[in-house]
Each structure stands twice: as C-alpha cells, then as structure tokens.
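Q: Sequence first, then the predicted structure:
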Amino acid sequence: MSQLRVLASLLRGGCAGRNQWFRGCGGVPARRCWADPSRRGCSSSGSAPVPSALASSSTYVEEMYYAWLDDHKNVHESWDVFFRNIQASSPPGEAEERRPSTLLRGRVLSHSPGTAQKVVEDHLAVHNLIRAYQVRGHYAAHLDPLGILDTDLDSFVPSDLITTIDKLGFYGFDESDMDRTFQLPPTTFIGGDSATLPLREIIRRLESSYCRHIGVEFMFINNVDQRQWIRQRFETPGIMQFTNAEKRNLLARLVRSTRFEDFLARKWSSEKRFGLEGCEVLIPALKTIIDTSSAAGIDSVIMGMPHRGRLNVLANVIRKDLDQIFCQFDPKLEAADEGSGDVKYHLGMYHERINRGTDKHITLSLMANPSHLEAVDPVVQGKAKAEQFYRGDTRGKRVMSILMHGDAAFAGQGVVYETFHLSELPSYTTHGTIHVVVNNQIGFTTDPRVARSSHYPTDVARVVNAPIFHVNADDPEAVMYVCRVAAEWRTTFNKDVVIDLVCYRRFGHNEMDEPMFTQPLMYKQINRQVHVLKKYSDKLIAERVVTLQEFEEEVAKYDKICEEAYTSSKDEKILHIRHWLDSPWRDFFTAQGEPKSMSYISTGLEEEVLQHIGQTASSVPLQDFRIHPGVSRILRGREDLVKSRQLDWALGEYMAFGSLLKDGIHVRLSGQDVERGTFSHRHHVLHDQEVDKRTCVPMNHLWTNQAPYTVCNSSLSEYGVLGFELGFAMASPNALILWEAQFGDFNNTAQCIIDQFISSGQAKWVRNNGIVLLLPHGMEGMGPEHSSARPERFLQMSKDDPDHFPELTGDFEVQQLYDCNWIVVNCSTPANYCHVLRRQILLPFRKPLIIFTPKSLLRHPDARSSFDHLAKGTKFKRLIPDEGPASQSPGQVKRVIFCTGKIYYELVKERKRQNMEKDIAITRLEQISPFPFDLVRAEAEKYADAELVWCQEEHKNMGYYDYVRPRFLTVVANKKPVWYVGRDPAAAPATGNKSTHLNELKRFMDTAFNLSAFTGKDKQ
C-alpha cells in the first residue's frame, strides 16, 4: 500500500518525481532492481518503478518489458498490470512478438501518463476496498438470528462496503469495471492460489469472508503476524469445510443440548432453571473448544459462567451424572453436609474423564459462583494461574481457562475490564483465555441500546488486542468454525480471544418471567423462530449427511438416557454438596471430607532458623548488586535487631514466610505496592541502582530446596485482584496466599468477593479456602479515607453466636476455628503476627484469615518482640493478658480495659503517665473472631471486682464494640456492665482535621483512666 501511494505521488509529481525514482534506485536498471521476486521494493527508497517513466524513456520501457516477459514477478504490480492491458488490447499475433515494436511503443505512449496514473489509482482503490472489508465488514454481517436487530446497535452500513452497485463510485469504479482484473495485495488471502482476480470476484469473496454469518474484528491488533494469521483463516477460499463425520457429531451434540432443556421443561415446568433455549449451540461450541485445545496438549480446563445454561453445561460438557442434576429439583431432598448450600444453577463441579474427540485424559472444573454476574471471572483466572504454576506450565500449554458471559454483564460489569487487564501481567497471566459471550441481545428486561454505549457488548476486549469473532448462533457450522479458530489462536499466540454468540433468549429472564411486557416485538419473532436443531437437522437431511431415521434415533436415544436418569434420581434422598465440589484437595482431608486431626503443632521456631532468616533478611545475596542508600540503612537496622534477638513487624513477617518456604510451602503475596510495602517497611524486592530492571528477592535465596516465594505488585485493582488471589488459593491447601490492600478501607471496592466468596463460600459450596487479607488499619489522623479497614463489616458477617457460651471440650481453640466461617485478628506484636501466619498453614483445615495490620506500629519502638516469643513450643496468643503490676495484685485492680491493636500502646503510655499501673489492667484481644470466650472468662474471673471496659479508637458505631459487647455480657452472664470508651458515633470513619483527631484521642483517654467516669450511670 505504501508503495502504491508513492507511485501515485510520483505520477502527480511529473519529471521531478521520476528523477527522484531513478536516484532512489541508484541508476540500476529496473530489471536488476526487481530481480529477486521476494523483494517487492527497492531497499533504499521503498518506492517502485512506475509507468509514468515511460513517457521520456523508451529504452527504460523496453528494459522493463523484457524483464516482464521473462517472469511477470520481475516487475512491480503496476508494470505487470500495464503490460497485461497492452497485451490484451493488441491485435492477434502481435502480443507474442518478443521485441517491443513501434506499435507497442505507440501504445505505451498513448497510455501515458494519465492512463498509467489511473491504473495505479485503481489498484490503490482495490487495496482500500479489501482493507475496508477487513476493518468494517462485520458491520454488514448477518449476525442476528431473529433478523430484527442490528447487533452493533447501528443500522448504518459503512459507505465503503459494496452492498449495492452504486457504491462502486466510492472507489471511482462503475459497473463496467466489475470484470476488470486486479493484482491482489499481500495483505489478503481471498485469491487462494491466484495473484489476480476480477473486481466482481474480489467483492464476492470479501462478502463471503466478512459479511455473512461471521463478523470478525481484528484490524485494531497491533501485531502484523497476528492479523495475517486471522486473515488466512477467514479469507482462504473453501477453508470453512466440515467432513460428514464432523457434521454428524455436531448434530448429536446439538440433540443433547436441545433435548436436555426440553426434558427439564416437561418435568419441571414451573421451576426456575435458567435454560439455554435460544443458544443451544453453546454446548457443541464449548466441546469444540475443548476438543481442539485437548488435541494441542491441554489437559485441564477451568471454566466460569453465569447461571443461564449452567445445568446444561454440567450435564453435557462436564458430564455430571444426570440423576444428580435431576434430584436437585426434588423439594424433599435433605442436605447432608454442613452449611447452607446454594441453588442448583450456582453449583460447580470437578470431573476427570477421557475426551472422546482426542482420546486423551482431561480435567474439567466449572467454578461455583453467586448471581453476581462476572464476579467469578478473576477467580477462575486465579485458579488457572495456580494450576499452571504448580505444574510448571509456564506457557499455558497444559492448563487453560474458559469464561462464559452474558452480553449485558460483559459490557456493564467493571470487573470484566479489571480481569482483562490482568491478562498480560507477568504474575497474573494465564497465557490466553477464551471468552464466550452468550449474546441474548437483552439484559433481563433492558434493551441493549440503553444498556451500553459501545457498538458491541464485546468492545471492552479491544483494550488488550483480543480478536473478536461475532457469529450467528443459528448457524452451527459457523459457530464450530469460529470456536476452532479461537482455540487455535489461543494455542498459537497465548492471548485472549472473544467469541460473541449472537442468539436470543426463548423465554424470559427465567422460565416464570413474562418478556412480552417489555419486548413484545422481539418475542413475537422469537415465538415464530424455528429451533436451531430443526434447521440444522433439515439441512443435513437435505445434504444426505444423515437420514431422518438416523436423526430420530439419536433423539430417542438421548431421551431414553434422560428418562432412566430421572427414574434413578427418585432414589436420592440426601443431597451431598461435596459431590458438587469444584476444587477438591486430594489427601488433605479424609475420604469423607473431614480434617485428619483436630489439633496443630506449635508454631514456634528453632533459634538457628530465626538467625538464618534474619541474616538473609538483612543482606543482599547477589554479588555486585548496588542498592539504594536508604534501603542499605534499613538492612543495617534489621541486622542490628537480629543481633539483639529482636523483631520488628517486617522481620516478623520475614520469619513467617521464610520458615514456611523451608517446609516446602509456597508463599504468594500480591497487591498494590506490596514489593516495597505501602509504608516502605517490607522491601522484599531489591532494585539495582545501576542496572535497569535488575532485581533481587532475598526470600528466594534462603534455602537450597525451598519452595518458591512470589511477591508481585498488582494492577490498581481490588475487586479483580482479590478475586484472582482467592482463585489461586483454591488450587492447593499447601500454600500461603496473601492479598494486601494498599490501605485497609480499599477492601470496600472488593466487597463482592468478600461477601459472596470469602465469607460464605464454605457454607454455600463446602469449599475450604485459606486466603489471607492484610488490611492496614489505624486512626493516625490521616483523614477518613486512610484510617479504617471497616472491621465492623467483617465481624458482622462472623457466624459465632454472641448469646451462647460454647462448651469447652477438647482443643477448644481448634474446634472454634473449625466451626467459624473466617478468622479475624488484630495483632499487636510482630511475634503474634508471625505465629498467626504459621498457624494458618499448620491447621488441619483452611479458613480465610482477616488481619488488621498496623501502620505506625511498623516502626514503633515498643512494638517489638524477642526471639524468645517465637521459640520452639510457643504459639499464637488469642489474648494477651496484662503482665504488669496489676496482674500481681488482681484484687486491687479497679478497672480492666480490654482493647485490640494499636490503641494498646496509647493506653499503656497514658496509664504510665498517670501512675495507674496497679489500678488498671490492660488486656489485648488479639483474635477477635471467633471470640476467645474461654480466655476472656478467665480474665473476668481474675479481676472479679473490677469494672469491665471496652476501649477502641474507632467510632462507637464502627470498629469492634457491637461485636464484642454481647459476647462479654455472655461471658459474665449479664451480671455486670461492659462500659464503652472511644470516639462518639459518626458517619465518617475519621476526621480530616489533625487537631480534632488529637482532641478526640485525649477526651476518651481521659475517660479511660477516670475511675469515676461511669459512677451513677445506667448499665450499658
């Protein structure tokens, strides 16, 4: 194209342009310039010999003519076309003359220069025409099976697509040019083995490639090779061919997909099932993707999808036993497992089987997920990444993910964008995901034209250069071809790809909904719409690929399978949610899914282990690695701490991570700025100050055969990244997976993952998960946005009963942890922080762990621990009692202040200032949930005559008070009050004024140490 533009400009430039051409070729005759057919241009100028040169140089023309006679490829396309036209217009016999005659020269001169310019411009126009179809052909494609909507929400057809004969004028052509032959550019494959085609055939083939039942968006991709790859697969004549065996297989899969929905509709006509009617082709589409990927070496596929069509996918793709699906419709079925369970169209499944298409083993996992559309996307990606990591699949050649979406959610949910932006990040990429959009062309009751601003629901995928294949879902063969190409794309380039199945929803949002209220015209057409199975079976019968009898036998065979499974399902009386588990952990639990023990070993460490980790944490293990002076100062400080057998917060974390790595436990820490740490305390990744991109992770240099440590800064996303890490934690129980918020309150943008997956995941899906959330929290006078991690929200979702004192039997600590839905802690010492991280792995089961981490305590001189607190035999302290003078004479203590976190150090400082160490005991609640009833009761009994006070730095309607107060009252059997000390109720978590912050602190500190503050007040 660029050469032709140069030609046109040279033609317009006359002699000056011509002289420039000769200079560009260095005076070398044209024949030499084009001697190498693979070199379609001169190396220096990048332009080409042009027919305009012939006007003043008959010798030059003769030279070109001889070259052309030897081999048409010896000359530029423009010369080739020029001589072909001369030859075509010559009298019989004259064209065979080997030497240019006077007549030829006369013809040459008669065609110059205007005719030559026209030849070049016409070729340029044809090139533009081809590119127009490649770029915008999808706008004219017949994608809507209903034929009533424009899938791109725009009825306008681009003027540069030849949809009517009058549009030829856009390119300077008319009908008389339709049979003219043109040289095809190297950027198209429509010619097949032909280098030239008539204009009529060029247009026909472009329409066949881009404007029928497949619309391809790919020209925005920056990579030339990737664009050429796509062109070849959609433009090559006759490439979309299927054998009769493939067609019969497709029909059989369509039968299963369709008849499954028909069977459910007959048996449970009044039940919600979110059927697949209108997009039955999804089942053969998924199976084609899996078959193609399996043939390429994939043996594990992790899938995520919304509720529509889930039962069909479970039955016909994952191969869940039909009787297990059918029994879910029985209202008398009793649950056998703990937890609340979930509706059938939210459940997942894990299954290993032989793939019939390739005769290879394959593992399929469909992730359970809530009704929150698209929330499962990053979870699936995280699990896929974890499987790739543990199997050493660094290029995604064995494990892959498939995500299914609805059109409205794909366009409307921001987590889709967040997930796409993880796709190319080194620590998050799954090396290509195949996205399948079930495009109903409606969202519940909302028309697309008021549901999105983009042309297509899939436009978000363009941000990562993912090709988008739109296809009419009523053309099964087109769908299968697109799915095959998508799987091959993922195999070849390891990049995301999107399939847009343009379909319809035969019923309402669910089977009980009435869609005619809001979409009357659409549903009148849908009611007239012939089922795709009927269309395709008639097509194959007409082609004599199958007979009517064979088709009817296939239908009867699957109907019989369903009936037999239905009969068998009536024998099921108990629902086992474990049978629907999507992420089983082999050998971690017993065969019944129970912990192998109900205890855990000490979380303490040997002295030599502490010393070794400490020395590594305070050094640079690589030679000639120049670190920043500030980092060097931090490492020297760590070295001094290790020598004095002391820990600060960063060293406590180092001890936990390093010791787990020694035991073969993978540790992964992810989040915004975690490599350095938001507060510049961690520095787990060191940067060479002289060599760009040279880094060192000392944690990976601790032991010879240690597990790998992954620490990775994430994109500026909470929803997507937390979901990803949750999925990563699902893959193996033998890994410590942590997500750290930049500031604790940023967890609120990931609230969906916290509410729907982390808090309730085990109850709904019997799915253990040991993810750790690190949430920086503390009132530091930094304003309302960087203060509170909102502990009240996590505690409100904790399921322990505030009014029941649990039975103290066996290992009460472990039993409490086993019964809870998650663990909430606020550690006040580095040693306890280390212990709780190690306990997370040493427990015989997995629970999510929420840690409110400090900010100012990271460097607080009093917030340090001795190595003795991590010695062998030590463990996590759920409660740290007062160990000062008050504990020596408990009968003299007038008040016991219970607190948690940073406020402890403020209280100790103020108590010392007021010389009240004997009058007031201060007890730290380190584990807030599950509430340590046993330890709190022991403290209350120890100080039986003292007032009980709960002190917090958060506002009264926030923080921990509403959670701990009823539990304290249960401990004391409601016989004495629990007084509140802290900030007053407020709407915002903290003030933005430093002076106000300090005044609030002083006010409630005064109350905390005023022994008459509650005299005469009613019980709280």
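A: That came through, no problem. Numbers count the residues shown, from 1 in each chain.
Q: looking only at pLDDT, what's the mean for stretch 260-280?
A: Averaged across stretch 260-280, the pLDDT comes to 88.
Q: Pull out the buried positions in that stretch.
A: 260-264, 273-280 (16 or more other C-beta atoms under 10 Å). From N, CA and C alone the C-beta is placed, and that goes for glycine too.
Q: got the residue ranges for the helices in the stretch 451-600 of the chain?
A: 476-493, 520-528, 532-542, 548-569 (DSSP state H, counting those that start in this stretch).
Q: Can you lay out the ones you listed as a markdown table showing distance to V972, mean neighbour count and mean pLDDT?
A: Below are these laid out as a markdown table (distance: least, C-beta to C-beta, whole Å; neighbours: other C-beta atoms under 10 Å; pLDDT from 0 to 100):
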| stretch | distance to V972 | mean neighbour count | mean pLDDT |
| --- | --- | --- | --- |
| helix 476-493 | 62 | 23 | 98 |
| helix 520-528 | 64 | 14 | 88 |
| helix 532-542 | 69 | 17 | 97 |
| helix 548-569 | 53 | 15 | 94 |
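Q: Now do the phi/psi pair for R895.
A: phi -150, psi 140 (degrees, to the nearest 10).
Q: Looking at the buried residues of stretch 260-280, which one is closest to S670?
A: F274 (33.4 Å; C-beta to C-beta).
Q: Please name the residues that touch that closest one.
A: 307-311, 345, 510-511 (C-beta atoms under 8 Å, 6 or more residues apart in numbering).
Q: In TSV: those residues, plus secondary structure and distance to A195.
A: What follows is the contacts of F274, written out as TSV (DSSP: H, G, I helix; E, B strand; the rest coil; distance: C-beta to C-beta, whole Å):
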residue	secondary structure	distance to A195
H307	coil	52
R308	coil	48
G309	coil	46
R310	helix	51
L311	helix	53
Y345	helix	55
N510	coil	56
E511	coil	56
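Q: any chance of these in a markdown table, plus neighbour count and pLDDT?
A: Compiled in a markdown table, these are given as follows (neighbours: other C-beta atoms under 10 Å; pLDDT from 0 to 100):
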| residue | neighbour count | pLDDT |
| --- | --- | --- |
| H307 | 19 | 87 |
| R308 | 25 | 90 |
| G309 | 28 | 91 |
| R310 | 25 | 91 |
| L311 | 25 | 92 |
| Y345 | 19 | 70 |
| N510 | 15 | 75 |
| E511 | 18 | 72 |
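Q: out of those residues, which one sits closest to L184?
A: The closest of those to L184 turns out to be G309 (C-beta to C-beta; 42.4 Å).
Q: That closest one touches C279, doesn't it?
A: Yes. Taking contacts as C-beta atoms under 8 Å, G309 lies within contact range of C279: 6.9 Å.
Q: list the residues that contact both of the two?
A: Common contact partners of G309 and C279 (C-beta under 8 Å, 6+ apart): V438.
Q: Which of the buried residues of stretch 260-280 sits closest to D500?
A: Closest to D500, out of all of the buried residues of stretch 260-280 and judged by C-beta to C-beta, is C279, at 11.5 Å.
Q: Quick check: that closest one is in a helix.
A: No. C279 is assigned coil when assessed by DSSP: H, G, I helix; E, B strand; the rest coil, not a helix.
Q: What values do phi and psi take at it?
A: For C279, the backbone dihedrals (degrees, to the nearest 10) come out as phi -140, psi 40.
Q: list the contacts for the residue lying closest to it once chain neighbours are set aside?
A: Residue nearest to C279 in three dimensions, not counting chain neighbours: C503, with 3.8 Å by C-beta to C-beta, 6 or more residues apart in numbering. By C-beta under 8 Å, 6+ apart, C503 lies in contact with 145, 278-279, 281, 438-441, 473-474.
Q: now do 7 Å
A: For C503, the contacting residues are 145, 278-279, 438-440, 473, by C-beta atoms under 7 Å, 6 or more residues apart in numbering.
Q: ok, which pair from those is furthest apart?
A: P145 and V438 (12.8 Å).
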